[in-house]
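Q: Sequence and predicted model, in that order:
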Amino acid sequence: MKNLSLIICLIFISLCGMAQQKNFIDQPYLEVTGSADSLVTPNEISIKILLAEKDSKDKVSVEDLEIKMVNALKTLGIDLDKDLSTTDISSNFKSYLLKNKDILKTKQYMLKVSDGLTASKVFINLEQLGISNTSIEKVTHSNLENIKNIIRTKAVENARTRALAIVKPLQQNIGSAIQISDNEPYYMNQQLQGRVAGITLRGTNSMQEVSLANIPKIEFEKINVTANIQVKFILK
């Protein structure tokens, strides 16, 4: 008897669910897609710096290269405690045994700067010290998640505006939203706008001829944050 009651209860719950689903589907609704985008200037540029004895013509030790690097970055006003970190598993120097039995010592750093001009100064200063194994690792914005949410809000507002424009000639109106879909991803362009004349990011000495009094600025493409939101509104 208990089993029969349980079965009847489950059937009733199932029928209620089906009825609710049917009611949802049978409701007249309008589906629109709202979109919004924004161009954001990057303010976080990550520069990878690799110190290696093999990159030094005079076989300067990695320890000495590290001291030169630190002093150069300090002269640029960079907060080393905040913006410079090692990316090795440990903070110790890594050593590699080469075929000719020489020991190659390396150490890798990640430096964070906030604009292209500072990045240019870093590349030029390090190149002049014989530290040329540098590259742009990442370009982003520190407040990117909040910017995405702002763009989402604008996309939903755009969807509502479009819905009202569609139903106006029909002398109808829209009611509550009954379904919202956030169609990610958000597309972000994080590339360099070409290479600055006379400057490469790794492996050459071209920066040694650049005057520090006339530093060309590395320009970054703005980050394009785009949102597309699908909204279903009840038709009235």
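A: Done, it's in. A quick note: this is a predicted structure, and the numbers were derived from the prediction, not measured. Numbers count the residues shown, from 1 in each chain.

Q: List the residues that contact residue 73.
A: Contacts were defined as Cβ atoms under 8 Å, 6 or more residues apart in numbering; by that measure residue 73 touches 80, 84, 111, 122, 125. C-betas here are computed from N, CA, C, even on glycine.

Q: what do you get for residue 74?
A: With contact set as Cβ under 8 Å, 6+ apart, residue 74 has these partners: residue 80.

Q: a helix runs through it, doesn't it?
A: Yes - with DSSP: H, G, I helix; E, B strand; the rest coil as the criterion, residue 74 is located in a helix.

Q: rewinding a little: and the contacts of residue 73, which of them are in helices?
A: By the criterion of DSSP state H, membership of the contacts of residue 73 in helices covers 80, 122, 125.

Q: with those residues in mind, which one is nearest to residue 235?
A: Nearest to residue 235 among the ones in helices among the contacts of residue 73 is residue 122, at 58.2 Å by Cβ to Cβ.

Q: sorry, back to before: out of the contacts of residue 73, which end up buried?
A: Under a neighbour-count criterion of 16 or more other Cβ atoms under 10 Å, the subset of the contacts of residue 73 counted as buried comprises 84, 111, 122, 125.

Q: picking up where we left off before, tell me the one of the ones in helices among the contacts of residue 73 nearest residue 141?
A: Distance to residue 141 across the ones in helices among the contacts of residue 73 (Cβ to Cβ) is lowest for residue 122, with 19.3 Å.

Q: Quick check, the closest one in contact with residue 134.
A: Yes - counting by Cβ atoms under 8 Å, residue 122 sits close enough to residue 134 to count as a contact (7.5 Å).

Q: Identify the contacts common to these two.
A: A shared contact of residue 122 and residue 134, defined by Cβ under 8 Å, 6+ apart, is any residue touching both; here these are residue 47.

Q: Where does residue 106 sit: helix, strand or coil?
A: In the three-state summary, residue 106 is assigned as strand, counting by three-state DSSP.

Q: Next one: it from residue 173, what distance?
A: Using Cβ to Cβ, to the nearest Å, residue 106 is found at 67 Å from residue 173.

Q: same question, residue 29
A: Going from residue 29 to residue 173 by Cβ to Cβ gives 13 Å.

Q: Who has more neighbours out of these two?
A: Looking at residue 29 and residue 173 with other Cβ atoms under 10 Å, you find the greater number of neighbours at residue 29, namely 18 against 13.

Q: burial of residue 120, as a residue count?
A: The tally of other residues near residue 120 (other Cβ under 10 Å) stands at 20.

Q: Same check on residue 225?
A: The local packing of residue 225 (other Cβ under 10 Å) involves 21 other residues.

Q: is it in a bridge, and if so with what?
A: Counting by DSSP bridges, residue 225 forms beta bridges with residue 38.

Q: and if you look at residue 136?
A: Here residue 136 sits in beta bridges with residue 47, as judged by DSSP bridges.
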